[in-house]
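Peer 1: Have a look at this prediction, sequence included:
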Amino acid sequence: MISLKEGQKAPDFKLKDSNGKEVKLSEFKGKNVALYFYPKDDTSGCTKQACDFRDNIGKVKKLNAVVLGISNDDEKSHKKFTEKYGLNFTLLCDTDKKVSKAYGAYGKKKFMGKEYMGITRSTFVIDEKGNISKIFYKVNPEKSISEVLEALKK
């Protein structure tokens, strides 16, 4: 599993959003980015986390930041999730898992005694120059927004 470190350059990527538009991380130079990886659209923890970002987007924007959410779900799933909860930030489709692997957010997981491969809820705060300023692995969806806002203030 790849292990990124705070202070290093964030790996650039190009992924499609819920409308099929290609989005590159490097397009956000000059802004802070809260890049979060989550397991699945419309599941309880992922919905809680997404809605917290939605409800606090004003605070995020005041800190010269944008939110990008990434899962292995496809455009159709992201569009439905975005519309259902009125999400006001971009969700990106990592269906081939390349980006989640590059960030060390994809790997072996355990649930109820079973092992499987999937995304581990992780967040990367990326500064205006494209460097990783803070990494959160095994994120608690209840605390995610407060951790991100705190990291963006530094």
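Peer 2: Good, I have the coordinates.
Peer 1: alpha carbons only for contacts and neighbour counts from here, please
Peer 2: OK.
Peer 1: Does the residue nearest the centre of the chain have any beta-bridge partners, and if so which?
Peer 2: With distances taken as CA atoms, centre = their mean, residue 36 lies nearest the centre of the chain, 1.7 Å away. Judged by DSSP bridges, the bridge partners of residue 36 are residue 69, residue 123.
Peer 1: In contact with it: list those residues for me.
Peer 2: 67-70, 121-124 (CA atoms under 8 Å, 6 or more residues apart in numbering).
Peer 1: Out of those residues, who's the most crowded?
Peer 2: For the contacts of residue 36, neighbours were counted using other CA atoms under 10 Å, and residue 70 has the most, 28 neighbours in all.
Peer 1: follow-up on the earlier one: nearest to residue 81 among the contacts of residue 36?
Peer 2: residue 69 (11.7 Å; CA to CA).
Peer 1: okay, which residue of this structure is out on the far edge from center?
Peer 2: Residue of the chain lying farthest from the centroid, by CA atoms, centre = their mean: residue 113 (26.7 Å).
Peer 1: In this protein, where is pLDDT below threshold?
Peer 2: Low-confidence segments of the chain, defined by pLDDT under 70: 1-2.
Peer 1: if we go to 80?
Peer 2: Residues of the chain that meet the criterion pLDDT under 80 lie in 1-3, 111, 154.
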